[in-house]
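In: here is my input; please provide its structure:
(2 chains)
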Amino acid sequence: MTLSLVLQAVFAGVTNGIVYALVGMGLSAIFKGSRVINAMQGEFAVIGAMTTVLLLTKSGWPYPAAIAGGALAGALVGAFIEIAFVRYMAGKKASEDSFLLLTIGLALTLSASVLFFIGRDGHLLPPIGGEGVLIVLDAVIQFHALWLIAIGIGATLLLRAFFHRTTLGLSMMAASIDPDGAATTGINVARMRTFTFVLGGLLGALGGILVTPLIAVDYTLGLNLTLKGFAAAVLGGLTNPLGAAVGGVTLGLVESLAIIGISSSYKDVVAFTVLIVIMILMPQGILGRAGRRGG
Amino acid sequence: MTSRLLWIVAALVIWAALPFFVPRNIADLLVFTGIYTIAGLGIGLLLGHCGIVNLAQATFYGLGAYSSAYCTVMLGLPSIAGFVVGAVISMALAYLIGRPILRLTGYFLALATLALGAIASALFFEWDWLTGGTLGIGGIPKLDLFGFVLDRPSRYYFFVWIVAFTCMAVAHNLVGSRTGLMLRSMRDSSTAAASLSVDLQALRTQVFVVCALFGSLAGSLFAHHASFVSTQSFTVDRSISFLLIPVIGGATSIPGIVAGALFVTFLPELLSKLGDIHQILFGLALVGVVVLLPDGLMGAYGRLQRRLAPRRSGHDH
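Out: Predicted coordinates for the structure are as follows:
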């Protein structure tokens, strides 16, 4: 095991980890705001990436506009799902399980829609920042990976500022921590829940768009990203979107360092085993109780 | 009570006559309904009586199917060996994994089982010396009972459904027994149950093991029916469709499980006549059931019955 191999693995781990983090942050934001585990979070990534691909190749939009379009599509689908389904079911006091099954059903529907309307083929986006690579100690790092890491960190910091500094972010937090108290101070709790789904959709779509230059997006990508995003969110303590960022990078690193030793096809096996073990041994997530309070 | 007996007799007569009147492809689907009923019964027990969402049933289904395939094709053992090996491995695995993960609750447990299913599906794919990978294992013999070969769907139908009825009886007795009472107390108030010295974890593990046993049996039956098994049959998607069986039908009702199994076997087949769009429609149907019928088809039927009941209640009581 050489140093450059380790460095390569660390970089790959951080790159994947940021994608898991973005999906996980969206999942965690939705859970925090609505107590719904969104089993279609990975589908937001597929929606974002596919929309960007279509805008870029079929409609000929410039790349930045296509990315914005893809992210917007994720946000809109998020809003639609809250307004069309979650609101109605929350009004009927549906159980945890029903919400889980609802989102599983939506995930099946969306993945089947992608298969039906777009087809089986995987699609790639051009790398952000061009095809260039950076070589550090024989480890090859794509410029795109650097952009991905920068955008991921930027999004995490923005999210933090949003929850701590803006009125809307603070209202969303208030509505999720104490809905009745928030309502008496004039916060529209139902609308805040819609916003958490918008935020979840946006973050998921962003994760999908950023990963698509590295992994081809197709109709099966969603489930895998949902699982990885959930693992990230659980590692971070589930109710803390910023914890999910730490969780995602940890997961990515564990995965990519583990496969230096064993065959790369066991990547998912390692990731999911870590998820199960952490859930059993550290139910509060790797940040513990302190991590749960923040964010 | 007599009307209930009449219903059961009528259902049995229809059940026995059915394979002689329907075309081969329908008989084939009815065999699958039986297999799915067995797998779904276990999930129904966990969901309806322990409040556990199990998304790993395809793992045990796969273990059963691969045990049957490997024992009969690779080792040349009699079919019964595959059933037994599959059941023993599944139950042992369910016990070993169940002890630690059943400490989790709610979403965490659901996702732990989902992760388990994803791990198993990756291992089925990687261990191609055992499972044949994507190429799978073919040439699994049809079952024969003392020289009577169950080589047609209409013959296999009776065998599968007799196994299914036996599993229903086991599930029914489990629910009606002392264990069932403890399960109900655990589901409704786990604190109260624990204070009455009900060992919650042992109980949950026990039901998980029964669920794995049913999953494995269903898998072995599937292997002998399809005579070919490959990784595509044991993915997380399959676990999801198994979970839908009790969700759609109603988890606490045994007829509900049959209804759910009919739904997940026949609806995709009916919808596939409409072309490739059928998967979208299936997803939408699921969303529709979850949103509109939160307690499943049997729950909706019960509500309908109650609404019609006042008219005749004067005569019944």
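In: so what's A:Ala190 up against?
Out: A:Arg87 (Cβ atoms under 8 Å, 6 or more residues apart in numbering or on different chains). The way it works is simple: take the backbone N, C-alpha and C, and place the C-beta from them, glycine included.
In: just the closest residue of the stretch 1-150 of chain A to chain B, please.
Out: Residue nearest to chain B within the stretch 1-150 of chain A (Cβ to the nearest Cβ): A:Thr109, separated by 3.0 Å.
In: wouldn't that residue be in contact with B:Leu284 here?
Out: Yes - with contact defined as Cβ atoms under 8 Å, A:Thr109 counts as touching B:Leu284 (5.6 Å).
In: quick one: which of the two has more around it?
Out: For A:Thr109 versus B:Leu284, neighbours defined as other Cβ atoms under 10 Å in any protein chain shown are more numerous around A:Thr109 (21 against 16).
In: OK, contacts around the more buried one?
Out: Residues near A:Thr109 by Cβ under 8 Å, 6+ apart: B:280, B:283-284, B:286-287.
In: closest to chain A out of these?
Out: Of all these, B:Gly283 has the smallest distance to chain A: 3.0 Å, by Cβ to the nearest Cβ.
In: is that closest one in a helix, a strand, or coil?
Out: What DSSP: H, G, I helix; E, B strand; the rest coil gives for B:Gly283 is helix.
In: I'd like the average pLDDT over stretch B:232-251.
Out: For stretch B:232-251, the mean pLDDT works out to 86.
In: so which bits of the longest helix along chain A are buried?
Out: When chain A is scanned for its longest helix (criterion: DSSP state H), the result is helix A:3-34. By neighbour count with 16 or more other Cβ atoms under 10 Å in any protein chain shown, helix A:3-34 contains the buried residues A:7-34.
In: where does the stretch 101-250 of chain B get nearest to chain A, which residue?
Out: B:Ala115 (3.9 Å).
In: for the helix or strand hosting that residue, packing partners?
Out: Using DSSP states H and E, B:Ala115 falls within helix B:106-126. Helices and strands touching helix B:106-126, by 3 or more Cβ pairs under 8 Å, 6 or more residues apart in numbering or on different chains; DSSP states H and E, are helix A:96-117, helix A:221-235, helix A:267-281, helix B:57-69, helix B:79-101, helix B:236-249.
In: residue contacts, the residue nearest to A:Ser34 when sequence neighbours are not counted?
Out: Spatially, and ignoring its direct neighbours in sequence, A:Ser34 is nearest to A:Arg193 (4.9 Å; Cβ to Cβ, 6 or more residues apart in numbering or on different chains). Listed by Cβ under 8 Å, 6+ apart, the contact partners of A:Arg193 are A:33-34, A:82, A:86-87, A:90, A:175.
In: tell me where the model's unsure across chain A.
Out: For chain A, the stretches with pLDDT under 70 are A:1, A:285-295.
In: top of the contacts of A:Thr109 by neighbour count?
Out: In terms of neighbours by other Cβ under 10 Å, the contacts of A:Thr109 top out with B:Leu286 at 25 neighbours.
In: A strand includes that residue, no?
Out: No - secondary structure of B:Leu286 (three-state DSSP): helix, not part of a strand.
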